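Undergrad: Generate coordinates for the sequence data below:
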Amino acid sequence: MPPRLVLASASPFRKALLENAGLTFDVEPAQIDERAVEETLDGLEPEDVASVLAEAKAQDVSARNPGAIVIGSDQTLSFEGEIYHKAANMDEARRRLLALSGKTHELNSAVVLARDGETIWRHMSVARMKMRDLDPGFVGRHLSNVGAAALSSVGAYQFEGEGIQLFERIEGDYFTIIGLPLLPLLSELRQLEAIDG
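TA: Numbering: from 1, shown residues only. Alright, predicted model coming up:
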């Protein structure tokens with residue numbers, strides 16, 4: 001009998017990726033204060049911050065789900081040496097998009113598997129995202145169209161929706177951009193005989 005799978009995330013995007021891949025799993029968001037964890041990580045690279053947060057989420061949920069394989073994930077946006085989080089409001093989202101206009105930023109997506117409170121696997125993928133030059137008027141109209149959805153991602157855009165219009169070029173796979181490196185995760189779950197393979 002394969003082990004129970006648990007997704008340690010409240011993200012509807014990550015949930016949809018796993019559902020679309022045909023996985024059977026439970027959802028139990030981690031109960032950690034991500035910003036408090038991050039305060040202890042001063043000086044770490046953005047990829048490492050994402051990895052530590054993904055691991056903290058996986059271990060938190062794993063401690064409450066004996067025997068289950070818990071999937072923890074996190075994504076950071078790095079741009080010009082800074083790590084960005086979800087915009088707090090639409091004005092911040094507008095400023096974020098204008099700052100990224102015409103430039104390249106990185107999305108760092110980490111995924112970690114934990115069982116019985118121990119990390120058993122980790123993976124990091126990075127996507128490089130080049131935005132086209134954005135007219136401020138267009139940014140305002142775009143944010144008006146997408147509404148509060150702009151506040152649900154670190155880049156203030158939904159790549160899988162209208163946010164695709166913001167980009168000139170990308171390097172990296174779709175799943176990394178959405179926030180869950182799915183192909184390496186599925187490969188590892190097959191290795192662990194957690195899914196049919």
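Undergrad: didn't residue 107 look like it was pressed against residue 129?
TA: Yes - in this structure, residue 107 sits in contact with residue 129. The criterion is CB atoms under 8 Å, and the distance is 6.2 Å. Every C-beta, even on glycine, is put in place using the N, C-alpha and C of the backbone.
Undergrad: quick one: low-confidence parts of the chain?
TA: Residues of the chain meeting the criterion pLDDT under 70: none.
Undergrad: can you point me to the longest strand in it?
TA: With residue count as the measure and DSSP state E as the assignment, the chain has strand 118-131 as its longest strand.
Undergrad: what comes into contact with the helix or strand that that one is followed by?
TA: The C-terminal neighbour of strand 118-131 among helices and strands, as given by DSSP states H and E, is helix 136-146. Defining contact as CB atoms under 8 Å, 6 or more residues apart in numbering, one finds that helix 136-146 is touched by 90, 93-94, 97-98, 101, 150, 156-158, 161-163, 165-166.
Undergrad: picking that back up, give the intersection of the neighbour lists for residue 107 and residue 129.
TA: Counting by CB under 8 Å, 6+ apart, the contacts common to residue 107 and residue 129 are 155, 172, 177.
Undergrad: Mind checking what secondary structure the first one has?
TA: Okay, so that is residue 155. Three-state secondary structure (criterion: DSSP: H, G, I helix; E, B strand; the rest coil) places residue 155 in coil.
Undergrad: helix or strand for the nearest residue to it once chain neighbours are set aside, which one?
TA: What sits nearest to residue 155 in space, not counting adjacent residues and going by CB to CB, 6 or more residues apart in numbering, is residue 77, at 5.4 Å. Here residue 77 sits within strand 69-79, counting by DSSP H and E.
Undergrad: Can you identify the helix in the chain that spans the most residues?
TA: As far as residue count goes, and with DSSP state H defining each element, the longest helix of the chain is helix 46-62.
Undergrad: Could you tell me the end-to-end distance of stretch 163-181?
TA: According to CA to CA, to the nearest Å, stretch 163-181 extends 19 Å from its N-terminal end residue to its C-terminal end residue.
Undergrad: Residues in contact with it: which ones?
TA: 11, 13-14, 17-18, 73-75, 97, 107, 109, 111, 123-132, 134, 142, 146, 153, 155, 157, 159-160, 182-183.
Undergrad: Relative to residue 154, how far out is residue 48?
TA: Using CB to CB, to the nearest Å, one obtains 16 Å as the distance from residue 48 to residue 154.
Undergrad: Which residue of the two possesses the greater neighbour count?
TA: residue 154 (22 against 15; other CB atoms under 10 Å).
Undergrad: ok so, going back, if you count neighbours, what's buried in the longest helix of the chain?
TA: With burial defined by 16 or more other CB atoms under 10 Å, the residues of helix 46-62 counted as buried are 46-47, 49-62.
Undergrad: before we move on, back to that, of the shared contacts of residue 107 and residue 129, which count as buried by neighbour count?
TA: Under a neighbour-count criterion of 16+ other CB under 10 Å, the subset of the shared contacts of residue 107 and residue 129 counted as buried comprises 155, 172, 177.
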